[in-house]
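Q: Sequence first, then the predicted structure:
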Amino acid sequence: MAIPGRYFRHNEKHDVKKSSIYVHIPFCDIKCNYCDFYVQINHSKYDSLLTSLIKEIEYFSRLYKDKSTFHTIYFGGGTPSLVEPVYIDKIISTLKSNFIFDENVEITLETNPGTVDAIKLKELRSIGINRLSIGVQSFNDNDLEFLTRNHSSRQAIECVELASKSGYSNINIDLIFSIPSQSFREWKENLQTAIDLPIQHISAYSLTLEPGTSLFYEVKNGFTSLSSIEHDTDSYEYLIDLLTKNNFLQYEVSNFAKPGFVCIHNLNYWYHVNYLGFGPSAHSLWDERRWKNYSNITRYINAVTEKQNGVKSEEFLNPTELYNERIYLGLRSKGIDLALFEKDFNISLLNTEGKLLTELMNNGFAIVEEDFLKLTKKGYLLCDEICEQLMI
Ligand code: SF4
């Protein structure tokens, strides 16, 4: 289907130029068997990465400083908590002197249990980190062993408690379900442990097999197998039910927050607002232009030395891609704003996809609420399949 008319970003509706910044710190102590992020076990380029990040931030500031106010900074990885607080501080102060930030800027740092103590947590808090995302994955030691994590469940609990005592009032934990070592009972225990802790946000993902990982190799060669679809579905449904009953709002397929604690950075991605990414393998999006950096620390550093940025390639999103992204990102999160969709694409989804949408609504997979087309709990289970049917 050809897409006629104009197409705009979600944030333009409100004429608010909100934007986000992502900084990729690739260092890890080990590579977990399921992980397909760009990580570096060798930390020898620790100092030269910082020099390159600063140069790259200054370069993009000359292009984008006056174009937006930035509302979030997200340190992801890798394991950003492995670097010293002074390293993070240098990046934050460079960002703050090169871009304009909202006074309530949300600054998240991804953390792994076992990589922080009370002193480090307090130092990070004092330099402006106001949201911690802790890579717990499971509170069961068998699961952690299966996932080749290098921390114990005890360390995970201690990390969350220590973070709370160190002044963090906005804490996320990441959890993984459908781990082959995990029974349904153990998943329930995991969730109970989580909700008893002083956390405000949970991101929970089904274990997925990413090509190139050692888990992928093990499964393909028959050394292990993934959980059944039924087990996965039961675990996900239980997750939604339990968290909803415990005052966590589901605001995306995999994300749950207590009132007032949705992650603005996540929301910005799903609302398709502009973001700049710094560091190896970081992606950026600005209006219809999307670009990605080298996913190799040496190439990234060399590129920044040569041209002051680590960009490997770029593309311009065409109207069809924008249409599909609006569907996908909307249905994963708060829903599709039908009026805005019609304004931007000159297409009424309720008319053009009337038959399919009626079927989805009659079968309890979707609803229209306050002019937003949203998925229900049942619909979230089939989110990818439903998006596929609506995309062109
Ligand atoms: S700690 Fe996180 S980023 Fe590092 S290898 Fe494990 S899953 Fe990947």
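A: Sure, I can see it.

Q: interface residues of this structure facing the ligand?
A: Proximity of the chain to the ligand, by C-beta under 6 Å from any ligand atom, involves residues C28, K31, C32, C35, F37, V39, G77, G78, T79, N112, G135. C-beta here means a position set from N, CA and C on the backbone, and glycine is covered the same way.

Q: How about the contacts made by the first one?
A: Going back to what we said before, that points to C28. V39, Q40, I41, G77, G78, T79, L82 (C-beta atoms under 8 Å, 6 or more residues apart in numbering).

Q: if we go to 10 Å?
A: Residues in contact with C28 (C-beta atoms under 10 Å, 6 or more residues apart in numbering) are 35, 37, 39-41, 43, 77-79, 82, 112, 115, 150.

Q: Which members of the residues you listed occur in strands, if any?
A: Cross-referencing these against strands under DSSP state E gives G77.

Q: can you list the contacts of C28 in CSV and add pLDDT and distance to A163?
A: Shown next, in CSV, are the contacts of C28 (pLDDT from 0 to 100; distance: C-beta to C-beta, whole Å):
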residue, pLDDT, distance to A163
C35, 96, 22
F37, 94, 22
V39, 95, 22
Q40, 96, 25
I41, 96, 25
H43, 96, 24
G77, 95, 17
G78, 95, 19
T79, 97, 15
L82, 97, 16
N112, 97, 12
T115, 96, 12
N150, 94, 19
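
Q: circling back: can you select the buried ones among the residues of the chain next to the ligand for me in ChimeraX?
A: Only the buried entries of the residues of the chain next to the ligand go into this ChimeraX selection, using 16 or more other C-beta atoms under 10 Å:
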select :28,32,35,39,77,78,79,112,135
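
Q: Relative to L207, how far out is S138?
A: 10 Å (C-beta to C-beta, to the nearest Å).

Q: what about L63, how many neighbours?
A: L63: 11 surrounding residues under other C-beta atoms under 10 Å.

Q: Give me the pLDDT value at it.
A: Per-residue pLDDT puts L63 at 96.

Q: got a list of what the closest residue to T111 other than its chain neighbours touches?
A: Leaving out its chain neighbours, the residue that sits closest to T111 by C-beta to C-beta, 6 or more residues apart in numbering is S81, at 4.0 Å. Residues near S81 by C-beta under 10 Å, 6+ apart: 25, 27, 75, 88, 109-116, 120-121, 124, 129, 132-135, 159.

Q: Show me these that map onto strands.
A: Among the contacts of S81, the ones falling in strands (DSSP E) are I25, F75, L109, E110, T111, L132, S133, I134, G135.

Q: show me the contacts for the third one.
A: Which is L109. Here L109 is in contact with 23, 25, 73-77, 79-81, 83, 85, 88, 92, 116, 121, 124-125, 127-134, 168 (criterion: C-beta under 10 Å, 6+ apart).

Q: For L124, give its distance to Y46.
A: L124 sits 17 Å away from Y46, going by C-beta to C-beta.

Q: Of S138 and L207, give the one with the bigger neighbour count.
A: Taking other C-beta under 10 Å, S138 and L207 do not tie; S138 has more neighbours (27 against 20).

Q: which residues do S138 and L207 both contact?
A: Common contact partners of S138 and L207 (C-beta under 10 Å, 6+ apart): F146, L147, I176, F177, I179, Q182.

Q: So which of these belong to strands?
A: In strands, defined here by DSSP E, the members of the shared contacts of S138 and L207 are I176, F177.

Q: Quickly name whichever of the shared contacts of S138 and L207 is closest to the ligand.
A: Nearest to the ligand among these: L147, at 8.1 Å, using C-beta to the nearest ligand atom.

Q: tally of neighbours for the closest one?
A: Counted by other C-beta under 10 Å, the residues lying close to L147 total 19.

Q: wait, doesn't it sit right on S153?
A: No. Checked against C-beta atoms under 10 Å, the pair L147 and S153 is beyond contact range at 11.8 Å.

Q: residues shared between the contacts of those two?
A: Counting by C-beta under 10 Å, 6+ apart, the contacts common to L147 and S153 are Q137, S138.

Q: Quick check: the spatially most central residue of the chain vs L243, distance?
A: Nearest to the mean C-alpha position of the chain, by C-alpha atoms, centre = their mean, lies N266 at 5.7 Å. Remark: distance between N266 and L243 (C-beta to C-beta) = 16 Å.

Q: again with H231
A: 18 Å.

Q: and if you look at E103?
A: 31 Å.

Q: between those two, who's got more neighbours?
A: More neighbours surround L243 than the other of E103 and L243, with 20 against 5 (other C-beta under 10 Å).
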